[in-house]
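K.L.:
what follows is a protein structure lacking sequence information:
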């Protein structure tokens, strides 16, 4: 290749692509994390009363984020679990260690770049996580970012095509690190109030605006020992997503909507008084408390708005093994109560009737260490909070 051709080739590469180095930090010798690959650009001061929606995901589920940016009014903090990169030498300094992807995995960053151009990411903080290797270090990752010269339908079609091609990439972790991801998403938030949720669940209209007012008063100002719990529902495919209580009630009465996971795990999400709750008209401007409950069942998995007094998820609990339920037990022992909100809810499209094959595979992988974790957890709570031993239920092994 002569000098002129080489110059043109290098110029084209520089024009079409750019190299970027991403800093990663060691997270408890469990994972490598890069906070704020995207940084939320909302005007959030130190004393902001907005509620951050804390989510976790892999690239398989990133399409749900497209709708979340429209549905959720406040900031969103997402922990994205990505494949483990290859170790390599740095481009500009061969003595230093870097990491990088092969061509297939590198398309993750093309897809994220397309997403950023297609959808409004002003409210999103995105954090990257991958499985730490045996060396327990997290060298910077060198990526190639494609410079985008198209837009509109052409870009959307390319985004969909590339996203489909990278689905089901191996993330490296033996079991999905759900609580590591939840905690990293929470550590990356920029507000005191938060809701740790699931990316496939969408909130009712004006959830964040309405709940923020009550959360500011009860949690930030009065420091009440409560969390603000919403009811969770699921509805059948083929119907419009209910965004108001009236729409939800209509589907519920038609038996086209019901309590989340009611078909196979009702105890986790059922909250007493549902008929009275549905009869209570929705206030479109603010929320009220339907009822305040003690934590009396270790099967209950409340989803709630809380503040920084809420403990982080215990990372010993693997995916599908009380990875979220245990937080209720922790809060109970810390003498928190659970205030059920009247005027908001979340919904999931599709009514799950049983566990999927992948769920069952995950459960089988986690069974070996599950019983030991439960015993340790219960013993620790009894030792640390002996005065709550008879007031808070222990976690059951099954």
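P.N.:
Great, that's in hand. Remember, it's a predicted structure, so these values are computed and weren't measured experimentally.
K.L.:
from what I can see residue 172 touches residue 131, true?
P.N.:
Yes. Counting by Cβ atoms under 8 Å, residue 131 is a contact partner of residue 172 at 3.8 Å. Heads up, the C-betas are built off the backbone N, CA and C, glycines and all.
K.L.:
what sits in contact with each of the two?
P.N.:
Common neighbours of residue 172 and residue 131, counting by Cβ atoms under 8 Å, 6 or more residues apart in numbering, are residue 84.
K.L.:
contacts for whichever strand or helix holds residue 115, please.
P.N.:
Using DSSP states H and E, residue 115 sits within helix 103-118. By Cβ under 8 Å, 6+ apart, the surrounding residues in contact with helix 103-118 are 37-38, 59, 62, 65-66, 82-83, 85, 100-101, 121, 126, 143-146, 148, 151, 155-156, 158-159, 162-163, 165-166, 169.
K.L.:
just the ones of the residues you listed in strands?
P.N.:
37, 38, 100, 126, 143, 144, 145, 146 (DSSP state E).
K.L.:
show me this protein divided up by domain.
P.N.:
Listed domain ranges for the chain are 19-178, 204-388 (source: automatic domain parsing).
K.L.:
okay, these in JSON lines with distance to residue 191 and mean pLDDT next?
P.N.:
Formatted as JSON lines, the domains of the chain follow (distance: least, Cβ to Cβ, whole Å; pLDDT from 0 to 100):
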{"stretch": "domain 19-178", "distance to residue 191": "5", "mean pLDDT": "93"}
{"stretch": "domain 204-388", "distance to residue 191": "9", "mean pLDDT": "92"}
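K.L.:
okay if I get the ones you listed as CSV plus distance to residue 186?
P.N.:
Converted to CSV, the domains of the chain look like this (distance: least, Cβ to Cβ, whole Å):
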stretch, distance to residue 186
domain 19-178, 5
domain 204-388, 7
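K.L.:
these: which one's closest to residue 187?
P.N.:
Evaluated with Cβ to Cβ, the domains of the chain place domain 19-178 nearest to residue 187, the distance being 7.3 Å.
K.L.:
compute the first-to-last residue distance for that closest one.
P.N.:
The straight-line separation of the ends of domain 19-178 (Cα to Cα, to the nearest Å) is 30 Å.
K.L.:
show the contacting residues for residue 292.
P.N.:
Taking Cβ under 8 Å, 6+ apart as the test, what residue 292 contacts is 226, 337, 338, 339, 340.
K.L.:
tell me the contacts of the third one?
P.N.:
Listed by Cβ under 8 Å, 6+ apart, the contact set of residue 338 reads 226, 227, 229, 292, 293, 294, 295, 302, 304, 328, 331.
K.L.:
now swap in the first one and tell me
P.N.:
Applying Cβ under 8 Å, 6+ apart, one finds that residue 226 lies in contact with 218, 219, 292, 336, 337, 338, 339.
K.L.:
could you redo the last one with a cut-off of 6 Å?
P.N.:
Neighbour list for residue 226: 337, 339 [criterion: Cβ atoms under 6 Å, 6 or more residues apart in numbering].
K.L.:
before we move on, what about the second one?
P.N.:
Residues in contact with residue 337 (Cβ under 6 Å, 6+ apart) are 226, 292.
K.L.:
confirm residue 338 sits in a strand?
P.N.:
Yes. Counting by DSSP: H, G, I helix; E, B strand; the rest coil, one finds residue 338 located in a strand.
K.L.:
quick one: the strands in the stretch 151-300 of the chain, in order.
P.N.:
193-196, 201-203, 226-235, 257-259, 289-293 (DSSP state E, counting those that start in this stretch).
K.L.:
give me the sheet partners of the strand or helix carrying residue 342 and which way each runs.
P.N.:
If you go by DSSP H and E, residue 342 is part of strand 337-349. Neighbouring strands of strand 337-349 in its sheet, by DSSP bridges, are strand 201-203 (antiparallel), strand 226-235 (parallel), strand 289-293 (antiparallel).
K.L.:
in this structure, which spans are helices?
P.N.:
3-16, 63-71, 103-118, 152-166, 178-187, 207-215, 245-253, 262-269, 274-279, 325-333, 357-384 (DSSP state H).
K.L.:
can you list the ones you listed in a markdown table and add distance to residue 309 and mean neighbour count?
P.N.:
A markdown table is the format used below for the helices of the chain (distance: least, Cβ to Cβ, whole Å; neighbours: other Cβ atoms under 10 Å):
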| stretch | distance to residue 309 | mean neighbour count |
| --- | --- | --- |
| helix 3-16 | 49 | 10 |
| helix 63-71 | 26 | 16 |
| helix 103-118 | 33 | 18 |
| helix 152-166 | 38 | 14 |
| helix 178-187 | 13 | 22 |
| helix 207-215 | 12 | 21 |
| helix 245-253 | 29 | 17 |
| helix 262-269 | 24 | 15 |
| helix 274-279 | 27 | 13 |
| helix 325-333 | 9 | 22 |
| helix 357-384 | 16 | 14 |
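K.L.:
how about these, which one is nearest residue 237?
P.N.:
helix 245-253 (12.1 Å).
K.L.:
just the angle for that closest one relative to strand 226-235, thanks.
P.N.:
Angle between the axes of helix 245-253 and strand 226-235 is 50 degrees (criterion: axes from the mean of the first three to the mean of the last three Cα atoms, to 10 degrees).
K.L.:
state the distance from residue 268 to residue 336.
P.N.:
18 Å (Cβ to Cβ, to the nearest Å).
K.L.:
ok, now residue 259?
P.N.:
For residue 259 relative to residue 336 (Cβ to Cβ), the value is 23 Å.
K.L.:
one more: residue 224?
P.N.:
Residue 224 is 9 Å from residue 336, by Cβ to Cβ.
K.L.:
could you do residue 194 as well?
P.N.:
Taken as Cβ to Cβ, the span from residue 194 to residue 336 is 15 Å.
K.L.:
who has more neighbours, these two?
P.N.:
residue 194 (24 against 21; other Cβ atoms under 10 Å).
K.L.:
now tabulate the strands paired with strand 337-349 in TSV and tack on distance to residue 210.
P.N.:
Formatted as TSV, the strands paired with strand 337-349 follow (distance: least, Cβ to Cβ, whole Å):
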stretch	distance to residue 210
strand 201-203	10
strand 226-235	11
strand 289-293	13
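K.L.:
out of these, nearest to residue 212?
P.N.:
strand 226-235 (10.2 Å).
K.L.:
same question for the closest one: list its buried residues.
P.N.:
226, 227, 228, 229, 230, 231, 232, 233, 234, 235 (16 or more other Cβ atoms under 10 Å).
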